[in-house]
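Asker: Provided below are the primary sequence and the corresponding predicted coordinates.
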Amino acid sequence: MALRPFIVGNWKMNGTRAMLAEARAIDRSAQRLMKVEVALAPPYTLIHAVHKEAEQIGVGAQDCSAEADGAYTGDISAVMIADAGAKFVILGHSERRQGHMETDALIRAKAEAALAAGLKLIVCCGEAEATRDAGDAEAFVIAQLRNSLPESIEGAGERLSVAYEPIWAIGTGKTATVADVETMHRAIRALLVSRYGEEEGGMVRILYGGSVKPENARDLLGADEVGGALVGGASLTAESFLGIVMAAADLQDA
Ligand SMILES: O=C(CO)COP(=O)(O)O
């Protein structure tokens, strides 16, 4: 069974309540585009409001603690974000791996905590430019995922998405070529099938992320093994985010 394409906006550390107008506008249009699953990951402070005001689209968080509760000043648990209305959490984004020294083992522990709280996962991976230039991108990404993904996930096909985001493509305006995306996504698929089995591993959506815009969305989303997009900058206005959602919907009709 093929799931609908999954288009997720990662607002990163952007957005005060004034941004709720964008979420509402996205929600209104997304309702008409049933063939695409649309979601936003706003900052923690807006999760509950987006959940309440944009009821048709999914809402998620950009991170969570590996701990359930306790004396961890400043941290937010998976249980808390689920309670605020989140349905999923993004884990292992390169901005957290690099900026907060998150290891594969920590990301796996966070994934286990999120699953225990009933959340779905978007687990990120991606290589730096030097790694790609050295010809090691595929080996690096596969090792990263092998160590970051839980050993088993009940209903992995629906509960897990993987986002391939080459670090050099994030916020730079550069995107990977369709051929490079396809090569990487096929390698990721092989890992998912070997870990979660033909059926569940075959269903997991593999999202591409890194400078996805309305202008390049059709090419990237039309590539083999691309099951959606994780969008940063272009998700901050309803107009550009909906341009990407529309491209995904058009491809479904094609
Ligand atoms: O990091 C990203 C999404 O998680 C991609 O960000 P940009 O779309 O701004 O390149």
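Answerer: Structure's in. What do you need? Numbering: from 1, shown residues only.
Asker: any residues touching stretch 18-38, and which ones?
Answerer: For stretch 18-38, contacts defined as CB atoms under 8 Å, 6 or more residues apart in numbering pick out 3-9, 11, 40, 42, 46, 49-50, 53-58, 228, 236-238, 241-242, 245-246, 248-249, 252-253. Every residue, glycine included, has its C-beta placed from N, CA and C.
Asker: and the buried ones among these, selectable in PyMOL?
Answerer: The buried residues among those can be selected in PyMOL (16 or more other CB atoms under 10 Å) with this line:
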select buried, resi 4+5+6+7+8+9+11+40+42+46+49+50+54+57+58+228+236+238+241+242+245+246+248+249
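Asker: ok and the residue in the protein nearest the ligand?
Answerer: Closest contact between the chain and the ligand, by CB to the nearest ligand atom, is at Gly232 (2.3 Å).
Asker: how about that residue, what does it touch?
Answerer: Gly232 neighbours (CB under 8 Å, 6+ apart): Asn10, Lys12, Ile170, Gly171, Gly209.
Asker: what backbone torsions are found at the closest residue to Glu165 other than its chain neighbours?
Answerer: The shortest distance from Glu165 to any non-neighbouring residue, by CB to CB, 6 or more residues apart in numbering, is to Gly209 (3.7 Å). Main-chain torsions, Gly209, degrees, to the nearest 10: phi -140, psi 150.
Asker: tell me how many other residues surround Gly209.
Answerer: Using other CB atoms under 10 Å, the number of residues around Gly209 comes to 27.
Asker: give me the nearest residue to Arg195, chain neighbours excluded.
Answerer: Gly201 (6.2 Å).
Asker: returning to that earlier point: just the buried ones from the contacts of Gly232?
Answerer: By neighbour count, with 16+ other CB under 10 Å, the contacts of Gly232 hold Asn10, Lys12, Ile170, Gly209 as buried.
Asker: next structured bit after the helix or strand hosting Arg24?
Answerer: Secondary-structure assignment from DSSP states H and E places Arg24 in helix 20-30. Going down the chain from helix 20-30, the next helix or strand is strand 37-41, by DSSP H and E.
Asker: distance from the following helix or strand past that following strand to the middle of the chain?
Answerer: Per DSSP H and E, the first helix or strand lying C-terminal to strand 37-41 is helix 44-53. Remark: helix 44-53 is offset 18 Å from the chain centroid, using CA atoms, centre = their mean, to the nearest Å.
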